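Novice: Output the structure for:
(one chain, ligands or ions: 1)
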Amino acid sequence: MRTLVIHNPRSGFGSDAVFQFERALMRGGDECVMRMLRDDFEAQHACEDADEFDVVVLSGGDGTISSLLYALRDRTVPVCVFPSGTANLLYANIGNALEPAALARACRIGKTADLDLGEISWEREDGTRATHGFALMSGTGFDAQIMQAALPNKPIMGQAAYFAAALANPRPTVSRFKISVDGTTYERDGIACLVANAAMIQGDIEIIPDCRMDDGLLDVIVVETSDTAQLLKPLAFGLLDHSGRSAGRPHIESFKGREILIESSVPVPLEVDGDVAPGLVSSYSARVLPKAARVIVDPMSPYGTADDGSSRFGSSDVIAYPD
Ligand SMILES: [Mg+2]
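Specialist: This next block holds a predicted model:
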């Protein structure tokens, strides 16, 4: 078994869990290439030899992993998403067991699911066009402002930095959003308009119900409130009802589609999977890339299948920890 681990050493708290993972993964005769990303890494370059491996492990925060998954789109090599970031929301949405040895086992068993990715595109302030892939959520408005405000505190506070930033920002900008979903247009006033491939956020809360990464559709999420205090309401509902199926989500409306165009009446900040883009934008488009990511899943994952005992690389039940 040949494994490529692409690790961002600057992600999250500098955890060394990926090295425990590597130790649990390796058997006699295996090879592992451990590639450390530089600060200015280029995703395409970092994974250009991916097809020479049996498994590619992406280890970092959500922004790093999304950019690498996008660079690997439509390749057939199985990809294991390893949580080394602050929030690890992609990992939470895939839903694999949370333990380096369990993830190593899933890599040896080699069960995969083909998951969708999203692609977002907007005009920069200098008139040039930017296009990025995303795996979770991207878009404009309040939550990009939160991400931006949280940045300085992330290394110390972790996930709490997002909540602190949200509470410190009581009057977000209200825009009129013109939302076109597969040719049908809606107009709504709100503080954020996002496109989501996956909708589970911090605390295992799904901000909208029934969002899946394998249905070939993106979900457009509009937050229709002008007040941070009101945002606490859907969050409180989220704590009582994680899936959103019984209590619903006050102030949040959503649409499903393949091709999306959003125009905002006021220029607003934009974020791609938690990374804030420079400048402000007045419009963006997004489309789904169906089944573009072949991801390792275990039986814990909602995208996994029951364990039938088969294993691609064998001896998966022997965990190689030293005595
Ligand atoms: Mg979907």
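Novice: how does this structure divide into domains?
Specialist: The chain is divided into the following domains under automatic domain parsing: 2-116, 118-290.
Novice: Go through these and name the closest to the ion.
Specialist: Of all those, domain 118-290 sits nearest to the ion, with 4.4 Å by Cβ to the ion. The C-beta positions use only the backbone N, C-alpha and C, and glycine is treated the same way.
Novice: coming back round to it: for the domains of the chain, give me TSV that also has mean pLDDT.
Specialist: Shown next, in TSV, are the domains of the chain (pLDDT from 0 to 100):
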stretch	mean pLDDT
domain 2-116	93
domain 118-290	80
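Novice: how about those domains in TSV, adding distance to residue 298 and mean neighbour count?
Specialist: Formatted as TSV, the domains of the chain follow (distance: least, Cβ to Cβ, whole Å; neighbours: other Cβ atoms under 10 Å):
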stretch	distance to residue 298	mean neighbour count
domain 2-116	4	19
domain 118-290	15	18
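Novice: Would you convert these into CSV that also reports distance to the ion?
Specialist: Below are those laid out as CSV (distance: least, Cβ to the ion, whole Å):
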stretch, distance to the ion
domain 2-116, 6
domain 118-290, 4
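Novice: Of all the ones you listed, which one is nearest residue 305?
Specialist: Among the domains of the chain, the nearest to residue 305 by Cβ to Cβ is domain 2-116 (6.4 Å).
Novice: just the strands in the stretch 51-200 of the chain please.
Specialist: Remark: strands assigned in the stretch 51-200 of the chain by DSSP state E, counting those that start in this stretch are 55-60, 79-83, 112-123, 129-134, 137-141, 175-181, 184-190, 192-196, 200-201.
Novice: Which among those is found nearest to residue 264?
Specialist: strand 175-181 (4.3 Å).
Novice: I figured residue 106 hits residue 81, correct?
Specialist: No: checked against Cβ atoms under 8 Å, the pair residue 106 and residue 81 is beyond contact range at 10.6 Å.
Novice: Now the common contact residues for these two.
Specialist: Taking Cβ atoms under 8 Å, 6 or more residues apart in numbering as the criterion, residue 106 and residue 81 both touch 96, 296.
Novice: can you pull the contacts of residue 310?
Specialist: residue 109.
Novice: Which pLDDT does the model give it?
Specialist: What the model reports as pLDDT for residue 310 is 82.
Novice: Ok, the one 10 residues further on next?
Specialist: The per-residue pLDDT reported for residue 320 equals 43.
Novice: Which single strand of the chain contains the most residues?
Specialist: Assignment by DSSP state E gives strand 281-296 as the longest strand of the chain.
Novice: Packing partners of that one?
Specialist: strand 79-83, helix 100-109, strand 112-123, strand 137-141, strand 218-223, strand 259-268 (3 or more Cβ pairs under 8 Å, 6 or more residues apart in numbering; DSSP states H and E).
Novice: Tell me which of those approaches residue 274 most closely.
Specialist: The closest of those to residue 274 is strand 137-141. By Cβ to Cβ, the value is 8.3 Å.
Novice: what is the orientation angle of the closest one with strand 259-268?
Specialist: 40 degrees (axes from the mean of the first three to the mean of the last three Cα atoms, to 10 degrees).
Novice: now strand 137-141 and strand 175-181, what's the angle there?
Specialist: Using the same axes, to 10 degrees: strand 137-141 against strand 175-181 is 140 degrees.
Novice: residues making contact with strand 137-141?
Specialist: For strand 137-141, using Cβ under 8 Å, 6+ apart, the contacting residues are 118, 120, 132, 143, 172-173, 175, 190-199, 221, 223, 262, 264, 268-273, 281, 284, 286.
Novice: Now with 7 Å, please.
Specialist: For strand 137-141, contacts defined as Cβ atoms under 7 Å, 6 or more residues apart in numbering pick out 118, 120, 175, 191-196, 262, 264, 268-273, 281, 284, 286.
Novice: same thing with stretch 255-265?
Specialist: Applying Cβ under 7 Å, 6+ apart, the set of residues contacting stretch 255-265 from outside is 139-140, 175-182, 186, 193, 195, 217-220, 282-288.
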